[in-house]
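Visitor: sequence and predicted structure, then a few things I'm wondering about:
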Amino acid sequence: MARDRLFAPRRRRRRVWPWLLLLAAAPALLVARPRIERRAPAREVEVVREVLFTERAVPAPPPITAQSAILIDADTGKILYERQAHQRRPMASTTKIMTALLALEHVRTNDIVVASEHASRTPYTGLYLKPGEKLTAGDLLWALLLRSANDACVAMGEHVAGSEEKFVEMMNARAQEMGLKNTHFMNPHGLHAEEHYSTAYDLAQMTRVAMQHPLFAEMVARKRKRIDRSIEKQDVVVVNKNRLLFRWDAVDGVKTGYTRQAGHCLVASASQDGWRLISVVLKSGNSWGDSRTLLEHGFRQYERVLVARKGTPLTQVRVTNGLQDSVQAMLLKDVSVVVPRGTKVDVRTEVTPGRARAPLWRGDSLGILVARRGETELGRSLLLAADPVEPAPKPLLARFLFFGLVGFTGLLALSVVVRHGRKAAQSTGRRRRRFAP
């Protein structure tokens with residue numbers, strides 16, 4: 001019998017210690033696994049200021065000669081006067097507003113531009129560039145905006161896009177991006193070509209965007225500028241063709257234009273007490289007089305009313321996981337409305353609460369303020385954090401308990417393994433002694 005047991009197949013003993021180890025370590029695994037905190041999601045605050053006023057009739061401006069014209073507020077884009085503003089017309093050298101805008105968006109002013117043979121053959125007004133002549137991109141911009149240099153436009157387009165044709169494609173793409181549905185370019189300078197057209201409205205919107213670029217605004221406001229040239233060193237002073245700059249101190253831009261087909265064109269801007277208006281006249285018999293008439297009419301008949309002031313704290317925004325539980329939201333910029341002079345304006349404020357999450361830096365975006373009149377939006381501004389908010393540290397007691405529990409569970413698991421290992425070794429030794437010969 002003993003011999004049968006000795007030579008009988010050994011039954012495999014199930015190893016239970018891995019299961020014991022897993023059971024002992026389970027609490028540690030549960031505690032130590034990455035915890036996904038269920039935080040309240042960040043939500044932007046929205047402040048709506050309902051602007052209430054009664055629109056009243058405004059007297060028409062004195063007669064003007066332009067076949068198409070418009071007057072707008074540069075900040076909000078509100079139209080204060082228009083005549084055939086959406087009629088497509090050739091726009092001559094006012095084209096260069098888009099040329100300059102694209103150049104400022106794609107080159108550095110200290111880039112060196114080398115004039116090509118093609119650029120040097122561009123007709124009419126120019127710098128009379130020589131093939132191979134070198135200028136900085138900044139000096140070319142001064143020349144094309146002040147002197148209205150056609151050859152400077154071609155040289156700039158070739159530098160930006162590789163060829164004049166590719167640059168024109170960029171101009172049309174940018175116009176579409178800006179929503180200018182009645183604008184199409186065939187060249188970067190504005191010399192007459194079929195299918196080269198715009199409207200008074202589109203030119204005004206184009207100028208609004210361009211004037212937001214500080215260097216563009218600086219350039220179109222200058223009366224003259226000295227530039228550096230590598231060959232034609234005698235012709236180095238460019239004078240602004242916008243005569244309104246020399247006749248009225250309020251004027252601070254923008255661009256003239258003339259061809260026989262387009263007639264006299266002028267995009268002009270003027271500012272009073274920080275408030276800027278933009279006028280456009282196309283096919284005008286007196287572009288200087290028409291532009292001044294429109295701009296003076298705007299300042300005389302309308303006024304800008306501040307709805308919310310830049311830097312003003314508007315509301316408290318709740319902050320989660322921060323040392324502070326809230327932060328002030330302040331305005332990035334002034335929000336104003338343009339109304340006929342003497343109009344009484346009332347403002348009602350409605351706040352949709354929001355929530356931010358720490359950490360926050362001063363100037364981080366928290367939401368938006370929108371000024372509306374009924375369903376019409378009048379203006380908007382970002383709401384920024386007025387102060388930084390540091391994240392709150394985790395409680396020390398919670399951390400102590402966490403690491404203590406993990407350590408204790410690990411030691412318990414280790415002791416179980418050691419104890420089971422000793423028992424297994426003792427059992428194996430007894431079996432060997434029992435069946436030894």
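Guide: Noted; the coordinates are in hand.
Visitor: report the buried residues of stretch 162-179.
Guide: Buried residues in stretch 162-179, counted by 16 or more other C-beta atoms under 10 Å: 164, 167-168, 170-171, 174-175, 178. Yep, even glycine has a C-beta here, placed from its N, CA and C like the rest.
Visitor: sorry, wrong one. I was asking about stretch 194-201.
Guide: By neighbour count on 16+ other C-beta under 10 Å, the buried set for stretch 194-201 is 196-201.
Visitor: now those residues as a markdown table including distance to His86, secondary structure and pLDDT?
Guide: Converted to a markdown table, these look like this (distance: C-beta to C-beta, whole Å; DSSP: H, G, I helix; E, B strand; the rest coil; pLDDT from 0 to 100):
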| residue | distance to His86 | secondary structure | pLDDT |
| --- | --- | --- | --- |
| His196 | 17 | coil | 98 |
| Tyr197 | 12 | strand | 98 |
| Ser198 | 10 | strand | 98 |
| Thr199 | 5 | coil | 98 |
| Ala200 | 8 | helix | 98 |
| Tyr201 | 5 | helix | 98 |
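Visitor: and the residues you listed, which is closest to Glu55?
Guide: Set against Glu55, the nearest of the buried residues of stretch 194-201 by C-beta to C-beta is Tyr201 (20.7 Å).
Visitor: without its sequence neighbours, what residue ends up closest to the closest one?
Guide: Ala85 (4.3 Å; C-beta to C-beta, 6 or more residues apart in numbering).
Visitor: what does Thr94 give?
Guide: Excluding the flanking residues, the one nearest Thr94 by C-beta to C-beta, 6+ apart is Gly257, at 4.2 Å.
Visitor: quickly list what the one you found is bridged to.
Guide: Here Gly257 sits in beta bridges with Cys265, as judged by DSSP bridges.
Visitor: what do you get for Trp275?
Guide: Going by DSSP bridges, Trp275 forms beta bridges with Gln272.
Visitor: as CSV, could you dump the C-alpha coordinates of stretch 104-121?
Guide: Output in CSV follows, covering the C-alpha atoms of stretch 104-121 (Å, rounded to 0.1, in the frame of the first residue of the first chain):
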residue,chain,number,x,y,z
LEU,A,104,2.3,93.4,-42.9
GLU,A,105,0.8,89.9,-42.2
HIS,A,106,3.5,88.0,-44.0
VAL,A,107,6.9,89.8,-43.9
ARG,A,108,9.1,91.6,-41.4
THR,A,109,9.8,95.2,-42.1
ASN,A,110,13.6,94.6,-42.1
ASP,A,111,13.4,91.9,-44.8
ILE,A,112,15.4,92.8,-47.9
VAL,A,113,13.4,92.9,-51.1
VAL,A,114,15.2,92.8,-54.5
ALA,A,115,13.4,94.4,-57.4
SER,A,116,12.9,92.2,-60.4
GLU,A,117,12.9,93.2,-64.1
HIS,A,118,9.1,92.6,-64.1
ALA,A,119,8.6,95.0,-61.1
SER,A,120,10.8,97.7,-62.7
ARG,A,121,8.6,97.7,-65.8
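Visitor: host element of the residue nearest to Tyr201?
Guide: Assigned by DSSP states H and E, Ala85 belongs to no helix or strand.
Visitor: my guess is it contacts Leu71. True?
Guide: No - in this structure, Ala85 is not within contact of Leu71 by C-beta atoms under 8 Å, at 9.5 Å.
Visitor: now do the strands in the stretch 101-250 of the chain.
Guide: Assigned by DSSP state E, counting those that start in this stretch, the strands in the stretch 101-250 of the chain fall at 112-114, 134-136, 224-226, 237-239.
Visitor: also the stretch 301-437 of the chain?
Guide: Using DSSP E, counting those that start in this stretch, strands in the stretch 301-437 of the chain cover 302-308, 313-320, 326-331, 335-340, 346-352, 355-357, 365-373, 376-385.
Visitor: quick one on the thing from earlier: ok, the buried residues of stretch 194-201 vs Lys233, which is closest?
Guide: Distances from Lys233 to the buried residues of stretch 194-201, taken by C-beta to C-beta, are shortest for His196, at 34.1 Å.
Visitor: for the spatially closest residue to that closest one that is not a sequence neighbour, give me its contacts.
Guide: Distances taken as C-beta to C-beta, 6+ apart put Met186 closest to His196, at 4.0 Å, once the chain neighbours are dropped. Met186 makes contacts with 168, 193-196, as judged by C-beta atoms under 8 Å, 6 or more residues apart in numbering.
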